[in-house]
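**Q** Below are the sequence and a predicted model for it; my questions follow.
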Amino acid sequence: MADVLAEGYNVFDTSKSPSGTVKYLSSPSDVIQLIQSGKLKEHILLVRGGTTTFLAPALSMGAIGVITMSGAPESHPRHPLARVPDPLRHDGPPDEQRLALRRRLHRRGSL
């Protein structure tokens, strides 16, 4: 089993347990570059915030999952995003590491 990098809340309930390689996206050009690489569907995206403008292309084209480092579950009630406390280590985000997301159910109002 992999080390736990961070814990947070699922924004929606699902029985899926996605796994993939973490890809840290720091800019819109990173999103476009990943889409153009043809490897989007291999990655769980790690982003500072889950803004729709920033991630809309990736969400609509099949990213495995999204982990945001800011916001709260109530910020994204209709989008497939998971919010975790800032997982940055001293050496930066866990870019290009394999990751499996464990389910941790969140009920609105239970934070």
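**A** Arrived safely.

**Q** if I look at Leu34, how far off is His43?
**A** Counting by Cβ to Cβ, to the nearest Å, the gap from Leu34 to His43 is 7 Å. All C-beta atoms are positioned from the backbone trio N, CA, C, and that covers glycine.

**Q** In terms of neighbours, single out the busier of those two.
**A** In this view Leu34 and His43 are compared by other Cβ atoms under 10 Å, and His43 has more residues nearby, 24 against 20.

**Q** which non-adjacent residue is nearest the more buried one?
**A** Lys23 (4.0 Å; Cβ to Cβ, 6 or more residues apart in numbering).

**Q** For that neighbour, grab phi and psi.
**A** The phi/psi pair for Lys23 (degrees, to the nearest 10) reads phi -130, psi 110.

**Q** so who does Ser27 touch?
**A** Ser27 makes no contacts at all, as judged by Cβ atoms under 8 Å, 6 or more residues apart in numbering.

**Q** quick one: it from Asp13, how far?
**A** Distance, Ser27 to Asp13, by Cβ to Cβ: 31 Å.
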